[in-house]
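Engineer: Quick one, what's the 3D model for this:
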Amino acid sequence: MKNKKSYEVTIIGGGVCGCAIAYHLAKEGVKVALVEKGDICSAASGANLGFSVLSYRQNPITLKMAQDQLLVLRELSQELEIDIEYAESGGLIPITNQEELQVLSSMVDRCHEWGFKEIKIVNPQRANQQEPALDREKIIAAVYCPLEGILNPINLTIGFANAAKRNGADIYANSSVIGFEITNKRIKEIILPAEKIKTNLVISAAGAWTRELINMVGVDLPIYYERGEAMISSPVSRIIKGAVTDGILFTEASSIKSMIVGACLAQSASGGIILAQSTTEGEDYNIQNSPFGLSLVARRVLSFFPALKNLNIIRMWSGLVSFSEDKQPVFGFLDNPTNMFVVTGFHSTIGIASAIGNMVKEVYFREGSSYDVSAYSPLRFIKKSSALVKGDN
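Structural biologist: Okay, the predicted model is just below:
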């Protein structure tokens, strides 16, 4: 094996979250390693739709993070020295029936209670002003948020990674973690296929692979994943203005179904129209596309946007997205090993990745966090598990 390198922090996971963390630490002079089992941005971040959303955040904290990130997103292209193609072009959620209207009206009310007033329910005519190609005869209302937008998730992730490298971070791409050496409840070394690296702190930003990774240190967290499918057309003239998310997803998501299908779409800066999403339960890290699921997506999209009937689809893909048992983020230290920090389960991470990276930096330097994320500690699951075991005895 090679001579062992030593780092203050090692981040496992080369998606947008891991790369943002690496950047925020490296630019403060921390000696950082970023370890990724494949290429940078090769998993969920590379499959992301690129929606920067505020309306359907999990809780008031992540909503506030998304609001605060608006100014950051507007400046990130310059900061990262890459065009992230951010466009604050508005977001729309078409509503087709009373059930969707009830659920989404409650969501809007909740946002208002949390201090976000820019979101509202609008009539079909106003929805048509936002998306002229939308067949307004198919909807009864819509949720509209002018501050939502789209960006290029690949450019954003690569931008964070390259900026981290410019600030001295080492990136170990195509390097799977195969084990850890632990002494006195602390990880001392990370075992890679070709070498071992010493580290003072390990940050897991492994997304769908979080549970598998954490199992290596003898801890089991209820982290799961689902598979989302999407496709993109060849470039066309501007048809879709902003980000469109199907209202059916907010009612279907609470039902027990093997596949959830809705119409999510946006048009990239280069003109390709992104069409999504078919969501199924994740299994064996399978990222194969299902022609059946995407055909249902196409049918649903055309019911709203008949002008898209002649699109030429040039690529299909799928990605695995992690979520926790209680559908809330996981952010914090394990109690054994004590120097492992877990970050996963944030919804629509693309829009708040920089905030997550900054929060980790604050924790590292003991600055106190900009947001109260104490409720997201992974220890909530470990304590619950211990209580269940005691109750069984």
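Engineer: Tell me the confidence at the closest residue to Val122 other than its chain neighbours?
Structural biologist: Distance criterion C-beta to C-beta, 6 or more residues apart in numbering; nearest residue to Val122, sequence neighbours excluded, is Tyr144 at 4.6 Å. In this view, the C-beta of every residue, glycine as well, is placed from N, C-alpha and C. At Tyr144, the predicted lDDT confidence score is 98.
Engineer: Can you give me the distance of Tyr144 to Ala26?
Structural biologist: Counting by C-beta to C-beta, to the nearest Å, the gap between Tyr144 and Ala26 amounts to 39 Å.
Engineer: if we can go back for a sec, so what pairs up with the residue nearest to Val122 in the strands?
Structural biologist: Each beta-bridge partner of Tyr144 is listed here, defined by DSSP bridges: Leu92, Lys120.
Engineer: Hmm, Gly90 and it touching each other?
Structural biologist: Yes - with the criterion set as C-beta atoms under 8 Å, Tyr144 and Gly90 qualify as a contacting pair; they are 6.9 Å apart.
Engineer: in stretch 168-188, what counts as buried?
Structural biologist: 169-172, 175, 177, 180, 182, 186-187 (16 or more other C-beta atoms under 10 Å).
Engineer: what sits in contact with each of Tyr144 and Gly90?
Structural biologist: In terms of C-beta atoms under 8 Å, 6 or more residues apart in numbering, Tyr144 and Gly90 are both contacted by the residues Gln130.
Engineer: Could you check which of the two has the larger neighbour count?
Structural biologist: More neighbours sit around Tyr144 than around the other of Tyr144 and Gly90, counting by other C-beta atoms under 10 Å; the figures are 24 against 19.
Engineer: check contacts around the more buried one.
Structural biologist: With contact set as C-beta under 8 Å, 6+ apart, Tyr144 has these partners: 90-93, 119-122, 126-127, 130.
Engineer: Next: Gln98.
Structural biologist: Per C-beta under 8 Å, 6+ apart, neighbours of Gln98: Ile140.
Engineer: can you pull the pLDDT of it?
Structural biologist: The predicted local distance difference test score for Gln98 is 97.
Engineer: thinking again about what came up before, closest to Met65 out of the contacts of Tyr144?
Structural biologist: In terms of C-beta to C-beta, no member of the contacts of Tyr144 lies closer to Met65 than Ile119, at 15.8 Å.
Engineer: Can you tell me how far the closest one is from Met107?
Structural biologist: Distance check for Ile119 against Met107: by C-beta to C-beta, it reads 8 Å.
Engineer: for Ile187, same thing?
Structural biologist: 41 Å.
Engineer: what stretches of the stretch 151-300 of the chain score poorly on pLDDT?
Structural biologist: Of all residues in the stretch 151-300 of the chain, those with pLDDT under 70 make up the ranges 253-257.
Engineer: All the strands of it, in order from the start?
Structural biologist: Here the stretch 151-300 of the chain has its strands, by DSSP state E, counting those that start in this stretch, at 170-172, 179-183, 186-191, 196-204, 223-233, 243-245, 259-267, 273-281.
Engineer: Tell me how this structure divides into domains.
Structural biologist: 5-46+154-222+326-392, 91-146+224-324 (automatic domain parsing).
Engineer: quick one: the longest one to chain centroid distance?
Structural biologist: Read it as domain 5-46+154-222+326-392. The offset between the C-alpha centroid of domain 5-46+154-222+326-392 and the centroid of the whole chain comes to 14 Å, using C-alpha atoms, centre = their mean, to the nearest Å.
Engineer: residues in contact with Ile93?
Structural biologist: With contact set as C-beta under 8 Å, 6+ apart, Ile93 has these partners: 55-56, 104, 142-144, 244-247, 250.
Engineer: re earlier: let me have the strands of the stretch 151-300 of the chain in JSON lines, extended by distance to Tyr7.
Structural biologist: Listed next are the strands of the stretch 151-300 of the chain as JSON lines, based on distance: least, C-beta to C-beta, whole Å:
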{"stretch": "strand 170-172", "distance to Tyr7": "7"}
{"stretch": "strand 179-183", "distance to Tyr7": "14"}
{"stretch": "strand 186-191", "distance to Tyr7": "9"}
{"stretch": "strand 196-204", "distance to Tyr7": "5"}
{"stretch": "strand 223-233", "distance to Tyr7": "25"}
{"stretch": "strand 243-245", "distance to Tyr7": "38"}
{"stretch": "strand 259-267", "distance to Tyr7": "38"}
{"stretch": "strand 273-281", "distance to Tyr7": "36"}
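Engineer: quick revisit: any idea which of the domains of the chain is most buried?
Structural biologist: With neighbours taken as mean count of other C-beta atoms under 10 Å, the domains of the chain reach their highest mean count in domain 5-46+154-222+326-392, at a mean of 20.
Engineer: rewinding a little: can you pull the residues that touch both of Ile119 and Met107?
Structural biologist: Counting by C-beta under 8 Å, 6+ apart, the residues touching both Ile119 and Met107 are 55, 143.
Engineer: Once you drop chain neighbours, what's closest to the most centrally placed residue in the chain?
Structural biologist: When C-alpha atoms, centre = their mean is applied to the chain, the residue found nearest the centroid is Thr349 (3.1 Å). Ranked by C-beta to C-beta, 6+ apart and with sequence neighbours excluded, the top spatial neighbour of Thr349 is Cys17, at 5.6 Å.
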